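Engineer: quick one: sequence and predicted model below, then my questions.
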Amino acid sequence: MVQFFKPQPKALPSQAVEITIDNLDHHLTGVGRYQGKACFVEGVLPGEKVRVQITEQKKQYAHGRLRQVLTPSAARLEPFCPAFHQCGGCNAQMMPQQVQCQAKQDGVQRLFRQLAKIELPAPLWIANSPPQAYRRVCRLAVKYEKSQRAVQVGFRQKQSQALVEIEGCPVLTPALSVLISPLRSMLNTLSSYRDIGHIELYDTESGLAMLVRHNGKPSTKDKEILLAFAQQHESVLYLQTTGYPEALTDVPPSFYELNDQRFYFQPGDFLQVNAAVNQRLVQHVCDWLAPQTTDRVLDLFCGVGNFTLPLARYAASVTGIEGVDEMVQRATHNANQNQLVNTEFHRADLTKMAEYANAAWQQQCYDLILLDPGRTGAEEVMPWLAKSKARRIVYVSCNPVTAARDCALLQSGYTLKQWGLLDMFPHTGHVESLFLFEQK
């Protein structure tokens, strides 16, 4: 009988250990050394000497939980949110924004060097964000607590599925923050309060919108309570049980504005959370692509048309590709509402690029291409893009790991000319970047 050796996990030290934080990674997590290997610790700044409890040990790295800051950095700040030490929404309120931005820049450069063998020069910092009240979109976690026989509303704890109840959130717009407490009270009056999954809130130029995810079948009385709450707070209300959300309020649809264009959306659609930085991002994409009146432009992962519509003002035509039928319909509606006649939109799952080899949109030639994929990136699209012969390509990314992988695949046909960063998500480990490629 063959026996396979299964290595036993290393025993974790029972006592906290002292380490010095050397730098931060792109998630704004501190990196020190423990037993000769990298040790990752949240809530710390470079140069600090800290005491940490080792929570995980691997062959090449370890993770530790901060117990005490022994020698604090002169740059350390007092977090402005009372829930900071428990809530998993923000992880860097204790450091100045310039420290956050520098760490994100260094982290992206390091990832491109390691994963793509690309040495990035200093980036163009395109936009900074206000430190608070910048989020116009949020998802609130909802949990039924048996011991209290009540619904809790808040955000997930750091590195946990447990919930932190909050009364407000200073990074949300004030109109969203003040909704949280009355929203909790209202949910606890529902007969089906145990079936609430989560709540999404939106604050845009059209006003407030709310999406309630319900895992059961709400009664007529519960719908009336939800509707009364929405009317009291002048909010559009959507209910999602199965499939796509259903509008419960008979009011004009939600929209946001970008310059003098209007983008209609439905709660559940993807929106950039930071309106001010999104405006700078869109303008910079247009500047880098620099479409002429004779150019044909392709916009991959186009969503509701956030980039498509602004680009259509300059180009001969813009083709938008999106993977969800409802989003294609929304983008088409938005183009029509903004009186644009040089756009067209198609549904395609871009993770299965080969299935669309004979699609009319893929057979066309494009002068300029933009892509703004989700966190998983666009690996399946890159070989086609590398052979596309487009004059310029701009890649917008919210995940530098997949961006490094994807950009490496473009190098066979394109040269990276410039890259930029935007402070889209202050106090978090998320970073928004964009890359300009030109045909070789």
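Structural biologist: Sure, I can see it.
Engineer: hey, let's count contacts and neighbours off CA atoms from now on
Structural biologist: Will do.
Engineer: hang on, Leu300 packs against Leu370?
Structural biologist: Yes - here Leu300 lies in contact with Leu370, judged by C-alpha atoms under 8 Å, at a distance of 6.2 Å.
Engineer: and Phe437, how far from Arg280?
Structural biologist: Distance of Phe437 to Arg280, computed by C-alpha to C-alpha, to the nearest Å: 19 Å.
Engineer: neighbour count: these two, which is higher?
Structural biologist: Per other C-alpha atoms under 10 Å, whichever of Phe437 and Arg280 has more neighbours is Phe437, with 24 against 16.
Engineer: model confidence for Gly89, exactly?
Structural biologist: pLDDT for Gly89: 90.
Engineer: over to Lys10?
Structural biologist: pLDDT, Lys10: 65.
Engineer: in the stretch 1-150 of the chain, which spans are strands?
Structural biologist: When secondary structure is read from DSSP state E, counting those that start in this stretch, the stretch 1-150 of the chain shows strands at 17-24, 30-34, 37-41, 49-57, 61-71, 124-127, 137-145, 150-156.
Engineer: now those strands in JSON lines, with mean pLDDT and mean neighbour count?
Structural biologist: Converted to JSON lines, the strands of the stretch 1-150 of the chain look like this (pLDDT from 0 to 100; neighbours: other C-alpha atoms under 10 Å):
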{"stretch": "strand 17-24", "mean pLDDT": "96", "mean neighbour count": "19"}
{"stretch": "strand 30-34", "mean pLDDT": "96", "mean neighbour count": "23"}
{"stretch": "strand 37-41", "mean pLDDT": "95", "mean neighbour count": "21"}
{"stretch": "strand 49-57", "mean pLDDT": "95", "mean neighbour count": "19"}
{"stretch": "strand 61-71", "mean pLDDT": "95", "mean neighbour count": "17"}
{"stretch": "strand 124-127", "mean pLDDT": "94", "mean neighbour count": "15"}
{"stretch": "strand 137-145", "mean pLDDT": "93", "mean neighbour count": "19"}
{"stretch": "strand 150-156", "mean pLDDT": "93", "mean neighbour count": "21"}
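Engineer: format those strands as TSV; extra columns: distance to Arg184.
Structural biologist: Below are those laid out as TSV (distance: least, C-alpha to C-alpha, whole Å):
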stretch	distance to Arg184
strand 17-24	37
strand 30-34	35
strand 37-41	33
strand 49-57	34
strand 61-71	31
strand 124-127	35
strand 137-145	9
strand 150-156	6
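Engineer: nearest to Pro426, of those strands?
Structural biologist: Comparing the strands of the stretch 1-150 of the chain against Pro426 with C-alpha to C-alpha, the closest turns out to be strand 124-127 (11.4 Å).
Engineer: name the residues that touch that closest one?
Structural biologist: Contacts to strand 124-127, defined as C-alpha atoms under 8 Å, 6 or more residues apart in numbering, come from residues Val277, Arg280, Leu281, His284, Gln418, Trp419, Gly420, Leu421, Leu422, Asp423, Met424.
Engineer: hmm, 10 Å instead?
Structural biologist: Judged by C-alpha atoms under 10 Å, 6 or more residues apart in numbering, the contacts made with strand 124-127 from elsewhere in the structure are 101, 105, 276-281, 284, 418-424, 433-434.
Engineer: that strand pairs with which strands, parallel or anti?
Structural biologist: Taking DSSP bridges as the criterion, strand 124-127 forms sheet pairs with strand 414-422 (parallel).
Engineer: all helices of the chain, in order?
Structural biologist: In the chain, the segments counted as helices under DSSP state H are 97-111, 174-177, 180-187, 220-232, 275-289, 308-312, 325-337, 360-363, 382-386, 400-410.
Engineer: point out the most buried one among those.
Structural biologist: Burial among the helices of the chain, expressed as mean neighbours by mean count of other C-alpha atoms under 10 Å, is greatest for helix 308-312, which shows a mean of 25.
Engineer: that one - what's its average pLDDT?
Structural biologist: 98.
Engineer: could you check how far the closest residue to Val324 other than its chain neighbours is from Ala331?
Structural biologist: Distances taken as C-alpha to C-alpha, 6 or more residues apart in numbering place Arg347 nearest to Val324, at 6.4 Å, with adjacent residues excluded. From Arg347 over to Ala331 the distance is 11 Å, taken as C-alpha to C-alpha.
Engineer: quick one on the thing from earlier: common neighbours of Leu300 and Leu370, please.
Structural biologist: By the contact definition C-alpha under 10 Å, 6+ apart, Leu300 and Leu370 are jointly contacted by Phe307, Thr308, Gly320, Tyr395.
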